[in-house]
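Generate coordinates for the sequence data below:
(one chain, ligands or ions: 1)
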Amino acid sequence: MESQPTMLPPFETCTYTDFSDPDHAAAFEQALAKMRAQLGRTYPLVIAGEEIALETTFASINPSNLDEVIGHFADGTVEHGEAALQAAWDAFPDWAGRTPEDRAGVLMRAAALMRAERHLFSAAMVLEVGKTWPEADADTAEAIDFLEFYAREGVRWAKPQETTEYPGETNVVRYVPLGAGVAIPPWNFPVAIAAGMATAPIAAGNTMVLKPAEQSPLTSWLVFDLLRRAGLPKGVLNFVTCSDGAVVGGHLVQHPRTRFISFTGSKAVGCWIFEEAGKVRPGQIWLKRVVAEMGGKDAVLVDRDANLEAAADGIVRGAFGFQGQKCSAGSRALIHADVYDEIVPLIVAKARAVTVGSPEVNGQGMGPVIEQEALDRVLRYIDYGKEEGTLLVGGEAAPGNGHFVQATVFGDCAPDSRVASEEIFGPILALVKVADYAAGVSVFNGTEYGLTGAYFGIENIERAKRELFCGNLYINRKCTGALVDVQPFGGFNMSGTDAKAGGREHLLQFLQGKSICERLLI
Ligand code: NAD
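Residues are numbered from 1 along each chain as shown. You can find the predicted model right below:
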């Protein structure tokens, strides 16, 4: 295939692990035990390859067991952010000057190591952020895919790009890296997004500061350490944790020597970063590039001729996978009035069957939400939902020494009710009855976001493809679970810059085109 580097076989996505197989289940139990044995350690910052232990640390806590400390992490400061950015600039000339194949080799080695240790990464996510086994496994699989895919993409984009021929000249466009930037990932895909955000710019020849989310520093550490073990040279990626992301993250966003910012997280922080990055500060000699991938209020539209069993299944899985804590979660179901009464009992039965408890148990439906603040927010929206709609399922916190809350469904919600229009980022599904397909489209699009969405039905498939406004649209399947280079991922409007992570234009965000014209001496 022309788009693939010749030295590497064509990219293929990882398959998921089948945990109903006793051998796989036993291997995962072992990984959990091995990871648990490593809990409670203290982790340094790493700047220019030097580990820096700090007196001041913050703890990462298991959201399923609030007495369990996952690890203690250095509470980095603005000065550490400065040093890390300087280290990234120091490492830049050498890294940018290496062959793209050399850079790809590091990513490929990291992918191979992660494949070999796959369940350990997943086990860390079970413990640190409360992912169930299959959710954690899919996260690790996506990380491996990012490493493999961006390795190939780095080589592809480094090739001279064709231009139109012109007499007496040779003309070519070469893409060159930008410089030193910062990656600011969220906690909810702590392996996949951290790995993807750190390595896309690196594959393109840039250097980075990785500022992990404060809720998932262990998993970010594992990603950083993996790249280090894979042979990433000192200073190409610098690891700076801090207890308040705004301290180091905010400083680097505003820093005149930050060349680019790759952010994934909430709309509020993304908008702040976009605005601050737009200000040119003394000494700054470029306009910063900003990738800002933000939230969603994703909807599933069910038409009157939909397969209702499949639609109910897609709705429930899309709403409650990882406790609804996915930017792609389908938290609104917009249902044609003709089939509303028929599908609601199916949705209710499936949502009731979603168990909640320790994600360490194989087959658990949902684990905890990430932190107390998240639990408080979900319970607040449950109160709103009780005023705004009809409580059909759940509606309460669930027992356990963690942030557990039931899968919750509200029926008869108005399109503009808070539960049906605001991003909650928890296990709450709002059902909205719509008069017909056209009314469904208008509710679907009546949001400031535009990340993912799904259409279940037959008659209006082609219209839905044209009319539903979002970055990732799925027809007759759930709206979560995008695969690298199969469904490149990114949203419209307030869902962000649509940088299409895991897509073939993604590396362009971290490259600049140099057009070279050579007059032939004849
Ligand atoms: P968040 O915005 O609170 O935090 C994201 C990151 O920003 C963290 O690393 C945090 O430390 C850092 N941060 C916070 N304040 C900062 C500041 N002032 N300057 C610089 N950095 C700062 O988001 P979150 O709670 O970690 O993640 C959940 C959100 O992420 C949801 O809205 C979800 O929809 C969104 N998300 C989007 C995508 C996507 O691809 N569009 C993917 C995953 C999550």
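
Helices of the stretch 1-150 of the chain, residue ranges please.
22-37, 78-97, 100-116, 118-129, 133-158 (DSSP state H, counting those that start in this stretch).

er, the stretch 401-522 of the chain actually
Secondary structure of the stretch 401-522 of the chain (DSSP H, counting those that start in this stretch): helices at 418-421, 437-445, 461-467.

Of all the residues in the stretch 51-200 of the chain, which one is nearest the ligand?
residue 186 (3.2 Å; C-beta to the nearest ligand atom). Where C-beta positions appear, they are placed from N, C-alpha and C, glycine not excepted.

For that residue, which residues are in contact?
Listed by C-beta atoms under 8 Å, 6 or more residues apart in numbering, the contact set of residue 186 reads 193, 213, 264, 265, 266.

For the ligand, what's its nearest residue on the stretch 251-400 of the chain.
Of all residues in the stretch 251-400 of the chain, the one sitting closest to the ligand is residue 265 (2.6 Å; C-beta to the nearest ligand atom).

Could you double-check that that residue lies in contact with residue 294?
Yes: at 6.9 Å, residue 265 and residue 294 qualify as touching, with contact defined as C-beta atoms under 8 Å.

Between these two, tell me which one has more neighbours.
More neighbours sit around residue 294 than around the other of residue 265 and residue 294, counting by other C-beta atoms under 10 Å; the figures are 27 against 23.

Read off the pLDDT value for that one.
Looking at residue 294, its pLDDT stands at 98.

and the gap between it and residue 395?
28 Å (C-beta to C-beta, to the nearest Å).

ok, now residue 255?
Distance from residue 255 to residue 395, by C-beta to C-beta: 46 Å.

These two: who's more crowded?
Just comparing residue 255 and residue 395: by other C-beta under 10 Å the higher neighbour count belongs to residue 255, 22 against 18.

Doesn't residue 183 belong to a strand?
Yes: note on residue 183: a strand contains this position according to DSSP: H, G, I helix; E, B strand; the rest coil.

Spell out the secondary structure type for the closest residue to it other than its chain neighbours.
Nearest residue to residue 183, sequence neighbours excluded (C-beta to C-beta, 6 or more residues apart in numbering): residue 197, at 4.3 Å. Following three-state DSSP, we place residue 197 in the helix state.

residues of stretch 72-88 that come out buried?
The neighbour-count criterion (16 or more other C-beta atoms under 10 Å) identifies 72-77, 80-88 as the buried residues of stretch 72-88.

Just give me the neighbour total for residue 383.
By other C-beta under 10 Å, neighbour count at residue 383 equals 12.

What are the neighbouring residues in contact with the residue of the stretch 151-300 of the chain at minimum distance from the ligand?
For the stretch 151-300 of the chain and the ligand, the shortest gap (C-beta to the nearest ligand atom) falls at residue 245, measuring 1.7 Å. The neighbours of residue 245, taking C-beta under 8 Å, 6+ apart as the test, are 184, 211, 213, 214, 269.

could you dump these to TSV with neighbour count?
Listed next are the contacts of residue 245 as TSV, based on neighbours: other C-beta atoms under 10 Å:
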residue	neighbour count
184	26
211	29
213	23
214	20
269	21
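
Out of those, which are close to the ligand?
184, 213, 214, 269 (C-beta under 6 Å from any ligand atom).

biggest separation within those, which pair?
Greatest spacing in those, by C-beta to C-beta: 214 and 269 (12.4 Å).

So which bits of the stretch 251-400 of the chain are right by the ligand?
253, 264, 265, 266, 269, 272, 273, 293, 294, 295, 296, 327.

Show me the two of those residues that sit farthest apart.
Within these, 253 and 296 form the most distant pair, 22.3 Å apart (C-beta to C-beta).

Can you tell me which of the contacts of residue 186 is nearest residue 386?
residue 266 (25.1 Å).

Can you give me the domain assignment for this structure?
55-294+498-515, 298-493 (automatic domain parsing).

Might you list the low-confidence residue ranges for this protein?
Where the chain drops to pLDDT under 70, the residues are 1-6.

Torsion angles phi and psi at the residue sitting nearest the centre point of it?
Closest to where the C-alpha atoms of the chain average out (C-alpha atoms, centre = their mean) is residue 193, at 4.2 Å. Backbone torsions of residue 193, given as degrees, to the nearest 10, read phi -70, psi -40.

That one and residue 183 touch, don't they?
No: using C-beta under 8 Å, residue 193 makes no contact with residue 183, being 9.2 Å away.

Contacts only, for the residue nearest to residue 183.
183, 184, 185, 210, 262, 264, 501.

show me the contacts for the fifth one.
Meaning residue 262. Residue 262 touches 181, 182, 183, 184, 197, 200, 201, 291, 509, 510, counting by C-beta under 8 Å, 6+ apart.

mind running it again at 10 Å?
Neighbour list for residue 262: 181-185, 193, 196-198, 200-201, 206, 208, 210, 289-293, 497, 499, 501, 509-510 [criterion: C-beta atoms under 10 Å, 6 or more residues apart in numbering].

Likewise for the second one?
Taking C-beta under 10 Å, 6+ apart as the definition of contact, the neighbours of residue 184 are 197, 209-213, 245, 248-250, 252-253, 261-265, 269-270, 273, 291-292.
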